[in-house]
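Enquirer: here is my input, please return the structure:
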Amino acid sequence: MAAPAVITTETAVANHALQRIGRAVISDIDTDTTKAGAAVNLIFSDTRDEVAVMLPWSSLITRTAIATGAAADSAFAYKQTLADTVLRVINLTDISGTEKAGWRREGTTLYYDLASGYIRHIQRETTVVTWQPLFLAAFTARLAAKTAFLLSGDKDLWLGMQQEYVSIMHTAVLIKAVEEHEDNMRIVAQLDSQLARFFAAQGRRIVE
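Expert: Next up is the predicted model:
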């Protein structure tokens, strides 16, 4: 049996999502004029960013050196304008990597008291080959769910793909907890409670 094709482009990601919901593949996500092509193109970027900010995915984390522009309009000592590719600030650290408290993001402006160090953040990353497998899997499932609803309005198909997305996110949280030596059982219990509420809500919506 031939090995599955490696997903290396945005078009390949879109086609994988379309195939998951029983749709034909498209030629190019930027130029395809079919109904499926237009639908997946409409939501691709927003869905990618949506999934990116849900967790501190290791393949999307980067660091930016802190600037020391005076923040005369705030109680914080300094401020810095963030690039529009900064989707989520995780934390601020000093030069040694120790996490520091005392910061707030307002729009594209970050306020803080740290005089030197780094901003650790989730970066918008459009190069598919750099994505870690779990992020790719989660994004594909979420994209498939949203595309299915756009194309057909099939709630059962949407819910099936959404359940897969949530399951992948559950796995990702477990792995992250192990990697960072956090209180695994506490995190799992919290996530399981959130999942139970989510599925209960979706069930009510489908009945309605």
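Enquirer: pull the number of nearby residues for residue 8.
Expert: For residue 8, the count of nearby residues is 12 (other CB atoms under 10 Å). The way it works is simple: take the backbone N, C-alpha and C, and place the C-beta from them, glycine included.
Enquirer: wait, it sits on residue 130?
Expert: No. Using CB atoms under 8 Å, residue 8 is not in contact with residue 130; the gap is 10.2 Å.
Enquirer: centre-most residue in the protein?
Expert: By CA atoms, centre = their mean, the chain has its centre lying nearest to residue 52, at 1.7 Å.
Enquirer: quick check: it touching residue 122?
Expert: Yes. With contacts defined as CB under 8 Å, residue 52 counts as touching residue 122 at a distance of 5.6 Å.
Enquirer: and for these two, which residues touch both?
Expert: Common contact partners of residue 52 and residue 122 (CB atoms under 8 Å, 6 or more residues apart in numbering): 60, 87-88.
Enquirer: now the nearest residue in space to residue 19 that is not next to it in sequence: how far from residue 157?
Expert: Counting by CB to CB, 6 or more residues apart in numbering, residue 25 is the residue found nearest to residue 19 once chain neighbours are left out, at 6.6 Å. From residue 25 across to residue 157, the span is 18 Å (CB to CB, to the nearest Å).
Enquirer: okay, those two: which has more neighbours?
Expert: Legend: neighbour count by other CB under 10 Å for residue 25 and residue 157, higher for residue 157 (19 against 15).
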